[in-house]
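Student: output the structure for:
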Amino acid sequence: MGPRDAGTVVVLVPGMFGAANDFRLMARDLVAAVPGIQVWAVDRREESLADRSGFEGTDPAGHYLDGRYRTLDPATAGYFGRWGLARTLDDLWCVVRAARAGGRRRVVLGGHSWGATTAMAYAAWDFGGRPGHRDLTALAVLDGGVRGAFEGSGAPVRDSPDEVRERLAAIAGGQVFDMALSAVGVGDRAESTQIWYQLAGWYARHDPEGRSVLQDRVPEALRVPFPVTNAALLGTFVDAGFGWPNDISVHSGHLAAEADADGVRGWVDTGITPIGRVAEAYAGPVPGVWEWYWPARLSVDLDVSDAYADTDLARSLGLRLRHASGLGIPLYAFQTSAYRGTAVESARRVVAESRIPYAVYESDEGMNHLDPLFAATAHNTATHTLAAFLGRVTQV
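Tutor: I've put the predicted structure just below:
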């Protein structure tokens, strides 16, 4: 998004299970706020494996819930076990080089969650003897990064040599997909949760006040005991008030206290992230918000990259993190309540251990992990502060 003659391109990388439409709303707001920028959102190559054709018709629920879509069988996807960080950064290098073409003078690389980790890894990466940060004007990390960015979640980084060996052995044995989202309880395929979330977004986008098309078929984990609208069902999928983990929820609102004349309850927006904005992003069809197939090898590599150093373990995995100490470009870091302050703490460590000339640290404890992506423009602290940072670096 943005004017064709923009002199600056902001390249944003989505996080774990995230896809390019994560950034549609943020990109629109940034382009409106900062003159002379384009925003590019990246889909990793694995997104080409998702069958989103059902969202182009009028009956996506039938297409996906009746099994008419094309799925990827891990037994036939051994190649997927090799799609790690090196593959991702080689692809991202192509994007950054394209962003620098055509006379554009500045590229700011950023990302959300593990997309922030990916951006930081790119900056320290060795591309045939050339540090990745040499291609960049600045870095912008949203609720993620390296050097302990996720410590506040309480989940340990799985990067011990023994654990890495076990995980690589599992991948070699055919466990090529990371199945973390299956814990939500809506299906046992790699793409099950993502399909349910996009379906909910599609119907909430196209008929928000209509009675939910999905409610009678929704898995037990996502069911409410009374009729709701399409918008309200999406609200129960994504709002923090329904018990979802901080890292997959937003502050949107609540179910209406009373039903309408037909006995159906709607959704009431009271939070910073209106359900209509979530629906706009989730509906697709392409690009999507949720990546269907996340490479288990990429999870291993990103865990090991947290040390942000050219360690023996990193080298054994082919990770070329050789230039972290030489970083010499400005850094923006934003954190929500998700990791209890460790996202900014980790950014401060990176600055202290490098040549970064200045950094901007921002936070909003009233946000959950996904709020910066979808919150209303007027209430989005991340967009406002990132726009101010971009305004500064584009004047250089």
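Student: C-alpha only now, for contacts and for neighbours.
Tutor: Will do.
Student: partners of the closest residue to G2 other than its chain neighbours in the sheet?
Tutor: Distances taken as CA to CA, 6 or more residues apart in numbering put Q38 closest to G2, at 4.2 Å, once the chain neighbours are dropped. Beta bridges link Q38 to V9, judged by DSSP bridges.
Student: now do D239
Tutor: When assigned by DSSP bridges, D239 has beta-bridge partners V250.
Student: show me what contacts it?
Tutor: With contact taken as CA atoms under 8 Å, 6 or more residues apart in numbering, D239 is in contact with S249, V250, H251, S252, G253, H254.
Student: show me where the stretch 251-396 of the chain has strands.
Tutor: For the stretch 251-396 of the chain, strands defined by DSSP state E, counting those that start in this stretch occupy the ranges 253-255, 267-269, 331-335, 359-363.
Student: need those in TSV with mean pLDDT and distance to L92, can you?
Tutor: Conversion of these to TSV gives the following (pLDDT from 0 to 100; distance: least, CA to CA, whole Å):
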stretch	mean pLDDT	distance to L92
strand 253-255	98	36
strand 267-269	98	37
strand 331-335	98	19
strand 359-363	98	23
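Student: tell me the most buried of those?
Tutor: Of all the strands of the stretch 251-396 of the chain, strand 331-335 carries the top mean neighbour count, a mean of 26, counting by mean count of other CA atoms under 10 Å.
Student: what lies in contact with that one?
Tutor: Taking CA under 8 Å, 6+ apart as the rule, strand 331-335 contacts 138-144, 341, 343-344, 347, 356, 358-365, 382, 386, 389.
Student: how far does stretch 36-44 sit from the chain's center?
Tutor: Relative to its parent chain, stretch 36-44 has a centroid offset of 13 Å by CA atoms, centre = their mean, to the nearest Å.
Student: got the CA coordinates for it in PDB?
Tutor: Taking Å, rounded to 0.1, in the frame of the first residue of the first chain, the C-alpha atoms of stretch 36-44 are listed here in PDB:
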ATOM      1  CA  GLY A  36       6.100   9.200   1.200                       C
ATOM      2  CA  ILE A  37       6.000   5.600   2.400                       C
ATOM      3  CA  GLN A  38       4.800   2.300   1.000                       C
ATOM      4  CA  VAL A  39       4.000  -0.700   3.200                       C
ATOM      5  CA  TRP A  40       4.700  -4.200   2.000                       C
ATOM      6  CA  ALA A  41       3.400  -7.200   3.900                       C
ATOM      7  CA  VAL A  42       5.100 -10.600   3.300                       C
ATOM      8  CA  ASP A  43       3.600 -14.000   2.800                       C
ATOM      9  CA  ARG A  44       6.100 -16.800   3.400                       C
END
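Student: what's the burial count for the closest residue to A257 other than its chain neighbours?
Tutor: Leaving aside its chain neighbours, A257 sits nearest to R265 (7.5 Å; criterion: CA to CA, 6+ apart). The tally of other residues near R265 (other CA atoms under 10 Å) stands at 24.
Student: and of the contacts of D239, the nearest to T270?
Tutor: The nearest member of those to T270, counting by CA to CA, is G253 at 4.5 Å.
Student: can you give me the distance of the closest one to T229?
Tutor: 14 Å (CA to CA, to the nearest Å).
Student: what do you get for V351?
Tutor: Counting by CA to CA - V351 and T229 are separated by 48 Å.
Student: neighbour count for those two, which is higher?
Tutor: Set V351 next to T229 and count neighbours by other CA under 10 Å: T229 wins out with 24 against 20.
Student: isn't the more buried one up against V264?
Tutor: Yes. In this structure, T229 is within contact of V264 by CA atoms under 8 Å, at 6.5 Å.
Student: shared neighbours of these two, which are they?
Tutor: Common contacts of T229 and V264, defined by CA under 8 Å, 6+ apart, comprise R211.
Student: roughly how far is stretch 90-101 from the heart of the chain?
Tutor: 19 Å.
Student: got a list of contacts for that stretch?
Tutor: Here stretch 90-101 has contacts from V9, V11, R44, R45, R106, V107, D135, using CA under 8 Å, 6+ apart.
Student: got a pLDDT number for the first one?
Tutor: V9 carries a pLDDT score of 98 in this model.
Student: which ones are touching it?
Tutor: I37, Q38, V39, W40, A99, R100, R104, R106, V107, V108.
Student: among those residues, which ones are in helices?
Tutor: Those of the contacts of V9 mapping onto helices are A99, R100, per DSSP state H.
Student: may I see the contacts of V9 arranged in a markdown table, with distance to A183 as well?
Tutor: Listed next are these as a markdown table, based on distance: CA to CA, whole Å:
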| residue | distance to A183 |
| --- | --- |
| I37 | 39 |
| Q38 | 37 |
| V39 | 33 |
| W40 | 31 |
| A99 | 37 |
| R100 | 40 |
| R104 | 44 |
| R106 | 41 |
| V107 | 37 |
| V108 | 35 |
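Student: now render the contacts of V9 as TSV, adding neighbour count and pLDDT.
Tutor: Formatted as TSV, the contacts of V9 follow (neighbours: other CA atoms under 10 Å; pLDDT from 0 to 100):
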residue	neighbour count	pLDDT
I37	28	97
Q38	23	97
V39	24	98
W40	21	98
A99	24	97
R100	18	94
R104	15	88
R106	21	97
V107	24	98
V108	27	98
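Student: tell me which helix or strand A140 sits in.
Tutor: If you go by DSSP states H and E, A140 is part of strand 138-142.
Student: check which helices and strands that strand sits against.
Tutor: Contact analysis of strand 138-142 by 3 or more CA pairs under 8 Å, 6 or more residues apart in numbering; DSSP states H and E lists strand 106-112, helix 114-124, strand 331-335, helix 381-393 as its packing neighbours.
Student: F17 against W292, yeah?
Tutor: Yes. F17 is within contact range of W292, at 6.9 Å (criterion: CA under 8 Å).
Student: measure the residue sitting furthest away from the middle of the chain to Y282 for me?
Tutor: Most distant from the centre of the chain: A261, at 39.3 Å, with distances by CA atoms, centre = their mean. Distance of A261 to Y282, computed by CA to CA: 29 Å.
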